[in-house]
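Undergrad: No sequence on hand, only this structure:
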């Protein structure tokens, strides 16, 4: 992995990226000038899930390569801010628990599942979903049932397997 820093034009904040050898972004942070930080592992009111959707070219002049240690220090500072939610999430979703949620987004790491609790995000294998799910169901808001198989401590996500997409969408006015 490579780690990049990009200082946008004034007012756009400082952007940090973790990319693979093909430029695919796996984690991202944006530190805004007002002190607010948005990370790719959490849903945000205005920005939903913020992760670059196209590969980056680290050779572009506006990117500065930084060390993994610098990136991880900033990332872990943000994880610490969400630790209360993370501990709560893990207590609500112990390994072996059957859960229901809905598709939120597709990331390089997998499909993000909204688990209907504050800051509770699940992730499941997208390629496994594709083998058993009609293509027309692989969209945000489609219901998913799965079993908790573990935890991704780096992103504070609940690991879900096996997962199954149901043929109906979650409506905002209903509770799962």
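TA: Received, thanks. Bear in mind that the values here come from a model prediction, so they are computed numbers and not experimental data. Numbering: from 1, shown residues only.
Undergrad: what's the single longest strand in this structure?
TA: In the chain, taking DSSP state E as the definition, the longest strand is strand 157-169.
Undergrad: Can you list the neighbours in contact with that one?
TA: 41, 89-90, 93, 99, 102-103, 111-113, 115, 120-125, 128-129, 132-134, 137-138, 141-152 (C-beta atoms under 8 Å, 6 or more residues apart in numbering). (C-beta placed from N, C-alpha, C; glycine too.)
Undergrad: OK, contacts around the spatially most central residue of the chain?
TA: With distances taken as C-alpha atoms, centre = their mean, residue 41 lies nearest the centre of the chain, 3.5 Å away. Listed by C-beta under 8 Å, 6+ apart, the contact set of residue 41 reads 27, 121, 155-157.
Undergrad: can you give me the end-to-end distance of stretch 77-88?
TA: One end of stretch 77-88 sits 19 Å from the other (C-alpha to C-alpha, to the nearest Å).
Undergrad: And what about residue 50, helix, strand or coil?
TA: Of the three states, residue 50 takes coil under DSSP: H, G, I helix; E, B strand; the rest coil.
Undergrad: what about residue 91, how many neighbours?
TA: 8 (other C-beta atoms under 10 Å).
Undergrad: what helix or strand is it on?
TA: Residue 91 is part of helix 83-92, with elements assigned from DSSP states H and E.
Undergrad: helix/strand/coil for residue 33?
TA: What three-state DSSP gives for residue 33 is coil.
Undergrad: tell me the contacts of it?
TA: Residue 33 neighbours (C-beta under 8 Å, 6+ apart): 10-11, 13.
Undergrad: Which one of these sits in the busiest neighbourhood?
TA: Most neighbours among the contacts of residue 33, by other C-beta under 10 Å: residue 13, with 20 neighbours.
Undergrad: any weak-confidence spans in the chain?
TA: Within the chain, the ranges that satisfy pLDDT under 70 run 172-176.
Undergrad: Ends of stretch 130-149, what's the gap?
TA: 19 Å.
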